[in-house]
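Student: model the structure of this input:
(one chain, ligands or ions: 1)
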Amino acid sequence: MIPKDHPRYASLVRREKIANAAWDKIVAMEGVGSHGRGEAFDYLIGEKTTDTALLAERTAAAMLLNAKQAVISVNGNTAALAADLIRDLQKESGAMVEINLFHRTEERMRKIEKLLRDNGVDVHTGPVERLVPLSHDRGLCTRDGIYSADVVLVPLEDGDRCEALIGMGKKVITIDLNPLSRTAKTATLTICDELTRALPNITAAVKELKGNGAAADELIKNHDNGKLLDSAVTSIMENLSNALGRKV
Ligand code: PTJ
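Tutor: Numbers count the residues shown, from 1 in each chain. I've put the predicted structure just below:
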């Protein structure tokens, strides 16, 4: 039982969700390590959505709205932490949701699909083929889902797959607290924010931008991923400077 008045309640709840989902084989054991890395970067970023992350989230909403076919690619960590938030974003944006796993087993695929469906997500399934040029199982996807998408949201992704999707001409949006990761540097748009803070912000922005195509176009026109990454690293340096009481 995590006391509700604990100063880091939200973070502890997320950790507990990951631990329980690892016992349930929804999260891969490796995913527990990934979560810990995310927690560390969240500390450095200040455990809050920065202004630049919010801009990235609004730009992501614009890209999802302007897509011909947007797909949200869900892995074990994303399902465990945010099945309900994925449902909300899907409902607002109309994006497809497809499961894609690094540590793929049929058992995990089934369990993650059930968790998503139990939370009201409309999961796109079908025969998978190795359509993304990766020797690994992450290359498996459906022809009418991820393969056909022009915009793919890949939260908590690994660098190789991000690179392969970009190589296929897709626009890739990632959510990754680590601005130094290969994924963060390769994606079209990187949201350096915690997953469960980022998703509701994207959903709210989709709602807002739906009636304002000009604002969505403006966000996309002004997008500069290098600046977003610079700003995330600067936030970390400012937090370290504050902790030390001198500039780093
Ligand atoms: O479920 P599977 O089998 O597909 O495996 C999923 C994992 C996450 C294990 C796999 O994709 C992986 O190994 O990812 P990486 O390479 O560890 O990258 C995940 C990135 O997400 C890291 O840079 C973490 O810092 C970041 N991250 C972890 N948790 C969060 C996060 N970013 C935002 N919010 C989080 N909650």
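Student: contacting residues around residue 8?
Tutor: For residue 8, the contacting residues are residue 47, by CB atoms under 8 Å, 6 or more residues apart in numbering. All C-beta spots, glycine's among them, are computed from the backbone N, C-alpha and C.
Student: tell me which element residue 173 is part of?
Tutor: Residue 173 is located in strand 171-175, with elements delineated by DSSP states H and E.
Student: got the CA coordinates for the biggest helix by length in the chain in PDB?
Tutor: Using DSSP state H to assign secondary structure, the helix with the most residues in the chain is helix 225-244. Extracted C-alpha coordinates of helix 225-244, given in PDB (Å, rounded to 0.1, in the frame of the first residue of the first chain):
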ATOM      1  CA  ASN A 225      13.600  18.500 -33.000                       C
ATOM      2  CA  GLY A 226      17.100  19.600 -32.400                       C
ATOM      3  CA  LYS A 227      15.800  22.500 -30.400                       C
ATOM      4  CA  LEU A 228      13.500  20.300 -28.300                       C
ATOM      5  CA  LEU A 229      16.400  18.000 -27.400                       C
ATOM      6  CA  ASP A 230      18.700  21.000 -26.600                       C
ATOM      7  CA  SER A 231      16.000  22.300 -24.300                       C
ATOM      8  CA  ALA A 232      15.600  19.000 -22.500                       C
ATOM      9  CA  VAL A 233      19.300  18.700 -21.900                       C
ATOM     10  CA  THR A 234      19.400  22.400 -20.700                       C
ATOM     11  CA  SER A 235      16.500  21.600 -18.200                       C
ATOM     12  CA  ILE A 236      18.700  18.800 -16.800                       C
ATOM     13  CA  MET A 237      21.700  21.100 -16.600                       C
ATOM     14  CA  GLU A 238      19.700  23.800 -14.800                       C
ATOM     15  CA  ASN A 239      18.400  21.300 -12.300                       C
ATOM     16  CA  LEU A 240      21.900  20.100 -11.600                       C
ATOM     17  CA  SER A 241      23.100  23.700 -11.300                       C
ATOM     18  CA  ASN A 242      20.300  24.400  -8.800                       C
ATOM     19  CA  ALA A 243      21.300  21.300  -6.800                       C
ATOM     20  CA  LEU A 244      25.000  22.300  -6.700                       C
END
